[in-house]
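Asker: build the 3D model from these lines:
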Amino acid sequence: MLELARALDPRDLPTVAVEDRKLAGPGGELAIRLYTPAEVDARPAPGMVYFHGGVGVFCSVETHDALCRMLCGDSGTRVISVDYRLAPEHPYPAALEDSWFATRWVAENAAHLGIDRTRLAVGGDSAGATLAAVVCQLARESRNPLLAAQLLLCPVTDLCATTASRAAFSEGYFLSRTMLDWAVDQYCPAGIDRSDAHLSPLRAADFTGLPRAYIHTAEFDPMRDEGAAYAQALEQAGVEVHYTCHAGLIHHYYGMAGAIPAARSAVREAALSLRCALDRPA
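Answerer: Sure, this is the predicted structure:
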């Protein structure tokens, strides 16, 4: 995945400041990477805690460095990328524990980080988007922190799904059914209920009161239908939803923006929508 990122990431990335930090996380040292846009001034800026994808087994802040630079620079938003623990060494719920801890830490330290706590979002792609969606549900349940928005790129919302898109694009579209099944087995060992809403947020009992959502799927993504279903479930619960299915693209398109012009445009669109979301009252 790191070699793929090096080959397919854009070379003309926005200019942003980058800082690596270590937190004392719930499972030991937790690395985060902070991105600050070039045009930010002394006033608190909007922020987003970001969780990379990789089916819970692959990827890191390094593989998603270019994506976070694009989201930061294109949106004018401070981005905090979280290097959560991965399976199989650290199966569920380790990644969720790290993600929830990092989100609360950023909210509690918002002033020190130069972030306006009232304009804090979470985001992620693929399995990272799952984490972002569940973090939103946890934040609503605990009433802290109050999140302003969620940005979900190709989210995995139901580990038990048997959708038309999963069947149609199970082979030959980057993320195969074999790879996905193997990864889920690593992330969710025997005995874990995969229909639990903390693993499959589409199966939550209640979607009311969640932050406004910006959900992006891809036409040829196995997870397309469950992403659309999550958008519909939120909308039916009265949540403001902005849903886009990007024609002609595949899962992980946001990691191929240097090779596919439409993918770079889609990332820019997501960043601009985030900026609009965080410039508005919650």
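
Asker: okay, CA-based contacts and neighbour counts for the rest of this
Answerer: OK.

Asker: now A139: how far from A148?
Answerer: 11 Å (Cα to Cα, to the nearest Å).

Asker: more neighbours: the two, which one.
Answerer: Using other Cα atoms under 10 Å as the criterion, A139 and A148 rank with A148 on top: 25 against 19.

Asker: quick check, pLDDT for the more buried one.
Answerer: A148 is assigned 97 on the pLDDT scale.

Asker: my guess is it meets R275, correct?
Answerer: No - taking contacts as Cα atoms under 8 Å, A148 lies outside contact range of R275: 11.3 Å.

Asker: mutual contacts of A139 and A148, please.
Answerer: Residues touching both A139 and A148 (Cα atoms under 8 Å, 6 or more residues apart in numbering): there are none.

Asker: pLDDT weak spots in this structure?
Answerer: 281-282 (pLDDT under 70).

Asker: show me the strands in it, by range?
Answerer: Counting by DSSP state E, the chain has strands at residues 16-25, 28-37, 45-51, 78-83, 115-125, 149-153, 212-220, 241-250.

Asker: out of the ones you listed, which gets nearest to L71?
Answerer: strand 78-83 (7.7 Å; Cα to Cα).

Asker: quick one: work out the angle between that closest one and strand 45-51.
Answerer: 20 degrees (axes from the mean of the first three to the mean of the last three Cα atoms, to 10 degrees).

Asker: if we can go back for a sec, could the strands of the chain go into a markdown table alongside mean neighbour count and distance to R203?
Answerer: Shown next, in a markdown table, are these (neighbours: other Cα atoms under 10 Å; distance: least, Cα to Cα, whole Å):
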| stretch | mean neighbour count | distance to R203 |
| --- | --- | --- |
| strand 16-25 | 13 | 28 |
| strand 28-37 | 20 | 29 |
| strand 45-51 | 29 | 21 |
| strand 78-83 | 26 | 25 |
| strand 115-125 | 24 | 19 |
| strand 149-153 | 28 | 17 |
| strand 212-220 | 23 | 17 |
| strand 241-250 | 17 | 18 |
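
Asker: could you dump those strands to TSV with distance to F101?
Answerer: Shown next, in TSV, are the strands of the chain (distance: least, Cα to Cα, whole Å):
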stretch	distance to F101
strand 16-25	7
strand 28-37	10
strand 45-51	11
strand 78-83	10
strand 115-125	13
strand 149-153	17
strand 212-220	21
strand 241-250	26
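
Asker: out of these, which gets nearest to T162?
Answerer: Closest of the strands of the chain to T162 is strand 212-220, at 15.6 Å (criterion: Cα to Cα).

Asker: now do that closest one: which elements does it pack against?
Answerer: With contacts taken as 3 or more Cα pairs under 8 Å, 6 or more residues apart in numbering; DSSP states H and E, strand 212-220 sits against strand 149-153, helix 224-236, strand 241-250, helix 261-278.

Asker: and the longest one, what's buried?
Answerer: In other words, helix 261-278. Buried residues in helix 261-278, counting neighbours by 16 or more other Cα atoms under 10 Å, are found at 262-264, 266-275, 277-278.

Asker: how much space between the closest residue in space to D158 that isn't next to it in sequence and S265?
Answerer: Nearest non-adjacent residue to D158, counting by Cα to Cα, 6 or more residues apart in numbering: S200, 4.2 Å away. Per Cα to Cα, S200 is found 29 Å from S265.

Asker: over to L71?
Answerer: Distance from L71 to S265, by Cα to Cα: 12 Å.

Asker: so what's in contact with those two at the same time?
Answerer: By Cα under 8 Å, 6+ apart, no residue touches both L71 and S265.

Asker: OK, contacts around L131?
Answerer: Taking Cα under 8 Å, 6+ apart as the contact definition, L131 lies against 51, 95-96, 99, 124.

Asker: now with 10 Å, please.
Answerer: By Cα atoms under 10 Å, 6 or more residues apart in numbering, the contact set of L131 is 50-53, 56, 95-100, 122-125, 137, 152, 155-157, 198-201.

Asker: show me what contacts M179?
Answerer: 55, 170-171, 185.

Asker: show me whatever sits in contact with both of A148 and R275.
Answerer: With Cα under 10 Å, 6+ apart as the test, A148 and R275 both reach 46-47, 119.
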